[in-house]
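**Q** Just need the structure, nothing else, for what follows:
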Amino acid sequence: MSVIVRTGETSAPTVPTRRPQRRYVAAVLRTPRGLIGLVLVVGIILVAVVGPWVIPQDALTQGPDALVGPSGTHWLGTDEVGRDLFARLLVGTRVDLVVTLIAVPISGVLGTLLGMVGMLNRFAGSFCQRLFDVLLGVPAVILGIAVALAVSPGMGSVIIAIVLVTMPKFGKQSRTALLGQLPQEYVAAAEVLGYPRSRIMFRHVLPNILDAIFVRFAVEMAQAVVVEGGLSLIGLGIQPPQPSLGAMIKSGSTYLFDHPLYSMAPVVVVVGLVAGYLLLADALNEANLRR
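**A** A predicted model of the protein is given here:
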């Protein structure tokens with residue numbers, strides 16, 4: 001889009017016109033993938049948020065009925081110490097959502113800022129890119145294990161592990177999007193008008209790369225669910241007696257043939273969350289390509 005700079009005026013450079021957000025959301029929801037992904041994610045979140053408030057207070061306490069099958073009292077049965085599996089599934093899902101909704105936004109903000117810092121300082125930008133390369137070269141599970149062993153297993157180590165695993169991807173994404181925006185005429189016009197680099201980056205460039213960052217956010221939410229589940233599965237994530245999806249899968253694997261719902265129910269929730277986030281990411285990406 002051409003930029004008109006009037007003589008004698010110091011008006012702000014014209015940035016590319018963006019489609020109104022309502023149309024953007026409508027374009028995402030018009031696709032079957034976007035609609036199914038939204039239903040999956042929002043449905044699981046609503047059940048996880050509301051469910052623990054309506055279950056009986058004693059559902060999470062130990063009881064005499066251990067490893068019983070589904071019934072009107074215990075919809076998914078009970079675990080090895082008589083606790084209601086459905087109640088633990090709800091609470092465990094909420095714990096996983098809290099962890100991912102803390103870790104991924106933190107990694108998104110840090111990764112985006114570090115990915116764009118090269119516009120302000122070339123040396124700092126090069127250092128951040130090398131740091132991202134190192135982190136991306138370490139498998140997610142290995143990195144998570146190292147963090148858990150260094151910090152001690154628990155919710156804090158899971159959050160740190162997710163941040164370290166997902167932050168480099170946000171950094172690479174924002175760096176690539178930034179390089180695609182720098183040759184645009186509105187950036188050149190802002191530089192001609194003497195705007196500082198920081199203002200150009202945050203006021204003009206950043207709003208135009210948010211779409212790509214949103215797609216990455218949806219993808220990394222799915223990755224965060226997998227990382228948390230993997231760490232809890234090997235005993236380095238959320239620690240008992242606090243329920244989590246990975247911990248339930250680990251505990252239920254011992255009774256897989258006698259009580260399959262013990263481990264299969266959290267597996268279904270994990271698959272539903274991951275599939276929902278990935279479908280949303282695919283729909284967001286498709287909507288961006290059509291803009």
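**Q** How about residues contacting stretch 112-122?
**A** Outside of stretch 112-122, the residues within contact range by Cβ atoms under 8 Å, 6 or more residues apart in numbering are 124-126, 128-129, 131-132, 167, 170-175, 178, 182, 197-198, 200-201, 205-206, 213. Heads up, the C-betas are built off the backbone N, CA and C, glycines and all.
**Q** Quote the end-to-end distance of that stretch.
**A** Stretch 112-122 has an end-to-end distance of 16 Å (criterion: Cα to Cα, to the nearest Å).
**Q** how about the helices in this protein?
**A** 21-30, 32-54, 85-116, 122-136, 140-151, 155-181, 185-192, 197-199, 210-233, 245-253, 260-290 (DSSP state H).
**Q** who wins for proximity to residue 69 among the ones you listed?
**A** Residue 69 lies closest, by Cβ to Cβ, to one member of the helices of the chain: helix 260-290, at 7.9 Å.
**Q** Can you show me the CA trace of stretch 88-97 as CSV?
**A** Taking Å, rounded to 0.1, in the frame of the first residue of the first chain, the C-alpha atoms of stretch 88-97 are listed here in CSV:
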residue,chain,number,x,y,z
ARG,A,88,-10.2,-35.9,40.1
LEU,A,89,-10.4,-35.6,36.3
LEU,A,90,-12.2,-32.2,36.6
VAL,A,91,-9.7,-30.9,39.1
GLY,A,92,-6.7,-32.3,37.2
THR,A,93,-7.9,-30.7,34.0
ARG,A,94,-8.3,-27.3,35.7
VAL,A,95,-4.7,-27.6,37.1
ASP,A,96,-3.4,-28.4,33.6
LEU,A,97,-5.2,-25.4,32.2
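**Q** List of residues touching it?
**A** 44-45, 47-49, 51-52, 55, 60, 76, 79, 155, 225, 228-229, 238, 242-248, 265-266, 269, 273.
**Q** tell me which residues in that stretch are buried?
**A** In terms of neighbour count (16 or more other Cβ atoms under 10 Å), stretch 88-97 has its buried residues at 88, 89, 90, 91, 92, 93, 94, 95, 96, 97.
**Q** For the residues you listed, give me TSV that also has distance to residue 70 and pLDDT.
**A** Shown next, in TSV, are those (distance: Cβ to Cβ, whole Å; pLDDT from 0 to 100):
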residue	distance to residue 70	pLDDT
88	14	90
89	12	92
90	15	91
91	18	90
92	18	90
93	18	93
94	22	92
95	23	91
96	23	91
97	24	93
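**Q** Can you tell me which of those is closest to residue 287?
**A** residue 97 (24.5 Å).
**Q** on that earlier part again, selection in ChimeraX covering whichever of the contacts of stretch 88-97 are buried, please.
**A** To isolate the buried members of these in ChimeraX, using 16+ other Cβ under 10 Å:
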select :44,45,48,51,52,60,76,79,155,225,228,229,238,243,244,245,246,247,248,265,266,269,273
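**Q** returning to what we had before: quick one: the helices of the chain as TSV, columns for distance to residue 67 too.
**A** As requested, those are exported to TSV (distance: least, Cβ to Cβ, whole Å):
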stretch	distance to residue 67
helix 21-30	43
helix 32-54	22
helix 85-116	10
helix 122-136	42
helix 140-151	29
helix 155-181	28
helix 185-192	64
helix 197-199	61
helix 210-233	20
helix 245-253	10
helix 260-290	8
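**Q** Figure out which of these is closest to residue 65.
**A** It's helix 85-116; of those, that one is closest to residue 65 (Cβ to Cβ) at 11.4 Å.
**Q** mind showing which ranges of the stretch 151-291 of the chain have poor pLDDT?
**A** Per-residue confidence for the stretch 151-291 of the chain (pLDDT under 70) gives these ranges: 289-291.
**Q** what's the neighbour count on the residue nearest to residue 201 when sequence neighbours are not counted?
**A** Leaving aside its sequence neighbours, residue 201 sits nearest to residue 119 (Cβ to Cβ, 6 or more residues apart in numbering; 5.2 Å). Residue 119: 20 surrounding residues under other Cβ atoms under 10 Å.
**Q** hmm, back to that, put together JSON lines for the buried residues of stretch 88-97, with distance to residue 141 on each row.
**A** Below are these laid out as JSON lines (distance: Cβ to Cβ, whole Å):
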{"residue": "88", "distance to residue 141": "24"}
{"residue": "89", "distance to residue 141": "24"}
{"residue": "90", "distance to residue 141": "27"}
{"residue": "91", "distance to residue 141": "25"}
{"residue": "92", "distance to residue 141": "20"}
{"residue": "93", "distance to residue 141": "21"}
{"residue": "94", "distance to residue 141": "24"}
{"residue": "95", "distance to residue 141": "20"}
{"residue": "96", "distance to residue 141": "17"}
{"residue": "97", "distance to residue 141": "21"}
